[in-house]
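> Any chance you could fold what I've pasted below:
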Amino acid sequence: MGSNLFYAAAFPVVQNQPYSANVLTQEIKDKPGEKSISHEAFNIHMRDSAGRIRDESLASPVDALGVSFQGEVHIFDPVAMRYIQWNEETKEVIVGDIPATFADYRGSPILNCRQRIQTAYDDNISPDPTHDHVSYEDIGERDIEGIHALGCRITHEIAQSGSVVTEIWSSPELQINLLTTESYSNGTHRLTKLTNIRRNEPDPALFQIPAGYADPVIIPKPAMR
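Here you go, the predicted structure:
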């Protein structure tokens, strides 16, 4: 578990809203008669004015769950539709293309909870108990780190296996999630929180492969049929 981003984080492309932030991801598992087992991961996220995303996972020692992380950096460039990944320990670099299908991605952040409420209602007028059921609740507005945020609660009833309640607080201005909590019916709780949010332009060098790293491995495009 970590806060590592994927291609979708760069879409829709957000320009002229640069930021940098520390990211804490925490997982707690409650077990009857035992202390909770906690796992934490630390990342640094940033976006430049062009809309490029940089996600750095900080190296961590082995925790109580036997999980550890190496220092890795992922760059997602939605303008050039390219991604770059490098490992700070091995100095290995991978370069590839972002699949074109992600250019139309609009799944996150949730900036219009009321619209999703209506859509979910329309989809579940006659819910089938053998299928998953999702509902949305508008939980208002608040400031997080001095940034205006909108809240949405999503309850996902998973057919015959439990449920998960997710609360997401998103910034309409930055178009990112500032705080996310997930509570599972099996006693697992997860939190992803942005702190120390800076609104300045990141150093352009942070989006380039550092000197001294190995020649990049180019991932070929999928063959066209």
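> need the contact list for residue 49.
15-18, 201 (C-beta atoms under 8 Å, 6 or more residues apart in numbering). To be clear about C-beta, it is placed using only N, CA and C from the backbone, and glycine gets the same treatment.
> wait, I meant residue 102
So residue 102 contacts 7-8, 10-11 (C-beta under 8 Å, 6+ apart).
> Downstream of the lowest-mean-pLDDT helix or strand in the chain, the next helix or strand is which one?
Within the chain, no helix or strand scores below helix 113-123, which has a mean of 74 by mean pLDDT, DSSP states H and E. Next along the chain after helix 113-123, taking DSSP states H and E as the criterion, comes strand 133-144.
> Can you give the contact residues for that next one?
Around strand 133-144, the neighbours that count as contacts under C-beta under 8 Å, 6+ apart are 113-114, 116-117, 120, 123-124, 127, 148-157, 159, 167, 169, 171, 178-179, 194.
> Just the buried residues from those, in PyMOL please.
To isolate the buried members of the contacts of strand 133-144 in PyMOL, using 16 or more other C-beta atoms under 10 Å:
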select buried, resi 113+116+120+149+150+151+152+154+157+167+169+171+178+179+194
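> Give me the neighbour count for the residue lying closest to residue 172 once chain neighbours are set aside.
In space, residue 172 comes closest to residue 111 once its chain neighbours are excluded; the distance is 5.4 Å by C-beta to C-beta, 6 or more residues apart in numbering. For residue 111, the count of nearby residues is 14 (other C-beta atoms under 10 Å).
> so residue 111 makes contact with residue 168?
No. Shown here, residue 111 and residue 168 do not form a contact pair, counting by C-beta atoms under 8 Å, at 10.0 Å.
> could you check the distance from the residue nearest to residue 172 over to residue 36?
Between residue 111 and residue 36 the distance, using C-beta to C-beta, to the nearest Å, works out to 33 Å.
> What strands line up against the host helix or strand of residue 43, and which way round?
Per DSSP H and E: residue 43 is located in strand 37-47. As defined by DSSP bridges, the strand partners of strand 37-47 come to strand 19-29 (antiparallel), strand 53-57 (antiparallel).
> tell me the most buried of these?
Highest mean neighbour count among the strands paired with strand 37-47 (mean count of other C-beta atoms under 10 Å): strand 53-57, with a mean of 21.
> for it, what is the average pLDDT?
Mean per-residue pLDDT for strand 53-57: 95.
> Which residues outside the helix or strand following that strand are in contact with it?
Using DSSP H and E, the next helix or strand after strand 53-57 towards the C-terminus is strand 72-77. Strand 72-77 has contacts (C-beta under 8 Å, 6+ apart) with 4-5, 7, 9-10, 50, 52-57, 83-88, 98, 207.
> what do you get for stretch 148-162?
By C-beta under 8 Å, 6+ apart, the residues outside stretch 148-162 that reach it are 110-111, 113, 116, 129-143, 163-173, 178-179, 184-186.
> Taking the contacts of strand 72-77, please make a ChimeraX selection of just the buried ones.
Buried members of those, defined by 16+ other C-beta under 10 Å, are picked up in ChimeraX with:
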select :4,5,7,9,10,50,52,53,54,55,56,57,83,84,85,86,88,98,207
